[in-house]
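1. Pasting a predicted model and its sequence here:
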Amino acid sequence: MPQLNPARWFAILVFSWLIFLTVIPNKVLSHTFTNEIMAQSAEKLKTETWNWPWH
């Protein structure tokens, strides 16, 4: 039964994971974002309470 011989499919599995782990992370990390990340200001935002009558 050929599925019991791991030589073929194991080699394909190892080579495909080597490609995934070497080529693809470099391509993903090389992308730049168009919007700059801005740090939020240290002051806390002021929220106003609602003066609605609750019936």
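-> Great, that's in hand.

2. now this structure, which segments are flagged as low pLDDT?
-> 1-3, 39-45, 55 (pLDDT under 70).

3. can you give me the helices in it?
-> 7-29 (DSSP state H).

4. Now for Asn51, how many residues are close by?
-> By other Cβ atoms under 10 Å, 5 other residues sit near Asn51. Any C-beta I mention is one placed from the backbone N, CA and C, and that applies to glycine too.

5. begin at 187 from here
-> In the new numbering, first residue 187, that becomes Asn237.

6. Let me know the distance separating it from Asn191.
-> 77 Å (Cβ to Cβ, to the nearest Å).

7. Count residues in the vicinity of Pro192, would you?
-> Other residues close to Pro192 by other Cβ under 10 Å number 9.

8. Now do the same contact list for Ala197.
-> Contacts for Ala197 (Cβ atoms under 8 Å, 6 or more residues apart in numbering) come out as none.

9. From Ile210, how far off is it?
-> Counting by Cβ to Cβ - Ala197 and Ile210 are separated by 19 Å.
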